[in-house]
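[1] 3D model of this:
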Amino acid sequence: MLLEALLLVVTVFLAIYWKVTRQFNFFAERGIPHIRPSFPFGSEAFKKLIYQKIKFVDLDATIIEEAPKDEKVFGFFVFGQPNFFVNDFELAKRMFIKDFDFFADRRQNESTDEILNNFLTNLSGEKWKYVRSLFSSVFTSGKLKLMTKHIVKVGDRFEEFIGEAATKDKEIVLKEACGFMTLDSIATAVFGIESDSMKNPENTFRTMALRLVGAPGYRENFIYLVLKNLFIFIMPKLAKMTNISAMNKTASNFFVDIIKKAFAQRLEGGARRNDMIDILTDEIKASKENIGKDTEQGEGKETSKVEMDTETVLISNALIFFFAGFDTTNFGLALCIHSLAVHPDHQEKVYQEISESLEHGDDELTFEKIQDLKYLDMFVSESFRVSDNITAQERQCTKDYTVPGTNIIIPKGRMVKIYTRSFNLDPQHFRNPAEFDPENFLPENQPNKFAYTTFGHGPRNCIGLRYALLTIKVALVSLLRKHRIVRCEKTGDVLTFSVKNNSFEGGIVKAVPR
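    Presented below is the predicted three-dimensional model:
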């Protein structure tokens, strides 16, 4: 019995070893510069990351340190998977825009869950184009203008929350405070739900939301979560066969049920709120009308297939708007508030602009007034630019691509990591890259728009960027009209996102009344 168990262990180990190492000669056989791999982590940087010798935000810089010197394109390994690394501005620009057809997809996550499979980030080809086009209509200026009043109401509650902390001289934990603002904005503008998390932080909507994004105290065991995600990453097909999902099923089912009920009520003629549910309901109705027209013209068969999937697609992407937008907008707002604290001179300039725009203290905040706050816009952009939390973007090669000026061929299906952090720090792209200076984005200073990569570039850029910026600006205006943000003993010089703790290191500030 002991011998049989030992043979089983050895067999499993050998199978894993073969699975991980079978492509270790991928780059060497093709004469491509690369980082030498080792079992089981692949490139050394991932070993350091797993053993917590480096932070996640330092991963890409560590890969570059280990890479062959002065190579614009080289190979590295994520466990057993050969990946390409691009460290060149002009090539990155070409891949994102001119040669986009070769890099049109993101990393695909196979699943038995149809909701997950229909996430915009998981779609490819014609289906991605259709859904991208469908959802682009949600984020036009006209549609965002309709949503603004809902976000402004949340901004007013955010100001009251900050005001209470200021009165009591309490520390403001940005992860929590910005999470309240972001979550309630999404709840009202997307789901049509008034969730006052600032007064009732343990409401069901927020609890389920925190479970969905894996917040501390609400997520599964961290070690289990890491192992599960590694399993999904290394063996996606087996994960699909065994029905293992990256999402918390209880939480995702909760939100799916909310979205389904909301769609059903609006389709039946419920009251309009001019939120995302209303806008997407309009798309469903328009789709059904088009199906009828196409059927009369003898084209109903193919269109009906799209119609059968339309509601699932819309529900999926209403969900991913929350799933992908909550933590990112939360962190973006936190970066801006942290910048207010550590750069009080620029905070004062932002405040002066707001005061001049809103001459009366009770003046209504509108979409148009927010768009007119040019210095605020530059301040937000600069807060993102100086952050080193977003260092690269991934794309999947969709057809064999010959790297211009080389003999390197990136085969179809391979992942490409495009390093972007260096773009923000290059004096060729920004007038004063080493300092926090919102005037880096003044038109007369000729900032290189492509070098600013926070929201990505090309057709695969962040579809919700205008909504995220609107939420952040509403929060900042609401906050600064009556308060100043100041440093405290726990305020860090920089704000860093900790993947392990799902927290913002250095992200504690205070507010004082004006």
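[2] what about the strands in the chain?
    All strands of the chain, identified by DSSP state E, fall at 73-78, 81-86, 172-173, 392-396, 401-402, 409-410, 415-419, 483-486, 496-498, 503-505, 508-513.
[3] as TSV, those strands with mean pLDDT and distance to Phe46 would be great.
    In this view, the C-beta of every residue, glycine as well, is placed from N, C-alpha and C. Listed next are those as TSV, based on pLDDT from 0 to 100; distance: least, Cβ to Cβ, whole Å:
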stretch	mean pLDDT	distance to Phe46
strand 73-78	97	6
strand 81-86	97	11
strand 172-173	96	31
strand 392-396	95	14
strand 401-402	98	25
strand 409-410	98	21
strand 415-419	97	12
strand 483-486	97	38
strand 496-498	86	18
strand 503-505	87	22
strand 508-513	97	31
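[4] out of those, the one nearest Phe24 is which?
    Proximity to Phe24 (Cβ to Cβ) singles out strand 73-78 among the strands of the chain, at 7.2 Å.
[5] can you list contacts of that closest one?
    The contact list for strand 73-78, computed with Cβ atoms under 8 Å, 6 or more residues apart in numbering, reads 24, 26-27, 32-35, 37, 42-43, 45-46, 63, 66-68, 82-88, 91, 233, 403, 406, 408, 415, 417.
[6] and with 7 Å instead?
    By Cβ atoms under 7 Å, 6 or more residues apart in numbering, the residues outside strand 73-78 that reach it are 27, 32-35, 37, 42-43, 46, 63, 67-68, 82-86, 403, 406, 408.
[7] could you list the low-pLDDT ranges of the stretch 201-350 of the chain?
    Within the stretch 201-350 of the chain, the stretches with pLDDT under 70 are 219-230, 232-238, 240, 242-243, 246, 270, 284, 287-309.
[8] quick one: the helices in it?
    204-213, 222-234, 236-241, 249-267, 276-296, 300-342, 344-357 (DSSP state H, counting those that start in this stretch).
[9] mind checking which of the strands of the chain is nearest Tyr452?
    Smallest distance to Tyr452 across the strands of the chain (Cβ to Cβ): 12.8 Å, for strand 392-396.
[10] who are the packing partners of the closest one?
    strand 415-419 (3 or more Cβ pairs under 7 Å, 6 or more residues apart in numbering; DSSP states H and E).
[11] I'd like the distance from the strand it packs on to the chain centre, please.
    Centroid separation between strand 415-419 and its chain, computed with Cα atoms, centre = their mean, to the nearest Å, is 16 Å.
[12] can I get that strand in PDB, CA atoms only?
    The C-alpha trace of strand 415-419 is given here as PDB (Å, rounded to 0.1, in the frame of the first residue of the first chain):
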ATOM      1  CA  MET A 415       0.600  36.200 -24.600                       C
ATOM      2  CA  VAL A 416       2.500  39.400 -24.900                       C
ATOM      3  CA  LYS A 417       3.300  41.700 -21.900                       C
ATOM      4  CA  ILE A 418       3.800  45.300 -23.000                       C
ATOM      5  CA  TYR A 419       5.800  47.300 -20.500                       C
END
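[13] any chance you could list what contacts that strand?
    60, 64, 83-87, 92, 95, 103, 107, 391-397, 410.
[14] ok, stretch 264-275 next?
    Outside stretch 264-275, the residues that touch it by Cβ under 7 Å, 6+ apart are Leu146, Met147, His150, Thr188, Ala189, Val190, Gly192, Ile277, Asp278, Thr281, Ile284.
[15] now swap in stretch 118-136 and tell me
    105-106, 108-109, 116, 283, 312-313, 316-317, 320, 324, 463.
[16] let's see it at 10 Å
    With contact meaning Cβ atoms under 10 Å, 6 or more residues apart in numbering, stretch 118-136 is reached by 104-111, 113, 116-117, 247, 276, 279-280, 283-284, 286-287, 306, 309-310, 312-321, 323-324, 396, 398, 459-460, 463-464.
[17] residues touching the nearest residue to Ile186 once chain neighbours are set aside, list them.
    Excluding the flanking residues, the one nearest Ile186 by Cβ to Cβ, 6 or more residues apart in numbering is Phe322, at 5.4 Å. Applying Cβ under 10 Å, 6+ apart to Phe322 gives the contacts Thr182, Leu183, Ile186, Ala187, Val190, Phe191, Ala209, Leu212, Val213, Phe255, Ile259.
[18] quick one: which of the residues you listed is nearest to Ala451?
    Thr182 (26.8 Å).
[19] His150: how many residues sit nearby?
    As a burial measure, His150 scores 22 neighbours (other Cβ atoms under 10 Å).
[20] I figured it hits Glu194, correct?
    Yes: at 9.0 Å, His150 counts as touching Glu194 under the criterion of Cβ atoms under 10 Å.
[21] any shared contact partners between the two?
    By Cβ under 10 Å, 6+ apart, His150 and Glu194 have these common neighbours: Asp184, Ala187, Thr188.
[22] how close does the residue nearest to the last one when sequence neighbours are not counted get to Thr328?
    Just to be clear, that refers to Thr188. The shortest distance from Thr188 to any non-neighbouring residue, by Cβ to Cβ, 6+ apart, is to His150 (4.4 Å). Here the criterion is Cβ to Cβ, to the nearest Å. By it, His150 lies 20 Å from Thr328.
[23] try Gly507
    15 Å.
[24] who's more crowded, these two?
    Per other Cβ under 10 Å, whichever of Gly507 and Thr328 has more neighbours is Gly507, with 27 against 18.
[25] pretty sure that one is touching Ala177, no?
    Yes: assessed by Cβ under 10 Å, Gly507 is found in contact with Ala177 at 9.3 Å.
[26] can you list residues touching both of these two?
    Joint contacts of Gly507 and Ala177 (Cβ under 10 Å, 6+ apart) are Ala334, Ile337.
[27] narrow the contacts of strand 415-419 to just the buried residues.
    60, 64, 83-87, 92, 95, 103, 391-393, 395-397, 410 (16 or more other Cβ atoms under 10 Å).
[28] re earlier: just send the helices of the stretch 201-350 of the chain back as JSON lines, with distance to Ser133 too.
    Below are these laid out as JSON lines (distance: least, Cβ to Cβ, whole Å):
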{"stretch": "helix 204-213", "distance to Ser133": "27"}
{"stretch": "helix 222-234", "distance to Ser133": "29"}
{"stretch": "helix 236-241", "distance to Ser133": "28"}
{"stretch": "helix 249-267", "distance to Ser133": "19"}
{"stretch": "helix 276-296", "distance to Ser133": "10"}
{"stretch": "helix 300-342", "distance to Ser133": "12"}
{"stretch": "helix 344-357", "distance to Ser133": "35"}
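[29] of all those helices, which one is nearest Lys490?
    Evaluated with Cβ to Cβ, the helices of the stretch 201-350 of the chain place helix 300-342 nearest to Lys490, the distance being 10.9 Å.
[30] could you give the angle of that closest one to helix 249-267?
    110 degrees (axes from the mean of the first three to the mean of the last three Cα atoms, to 10 degrees).
[31] centre of the chain to helix 300-342, how far?
    In terms of Cα atoms, centre = their mean, the centre of helix 300-342 is found 9 Å from the chain centre.
[32] do the same with stretch 196-214
    19 Å.
[33] kindly report the same for stretch 388-407.
    With Cα atoms, centre = their mean as the basis, stretch 388-407 stands 19 Å off its chain's centre.
[34] show the end-to-end separation of that stretch, please.
    32 Å (Cα to Cα, to the nearest Å).
[35] quick check: bridge partners of Asp105?
    Beta-bridge partners for Asp105, by DSSP bridges, are Gln396.
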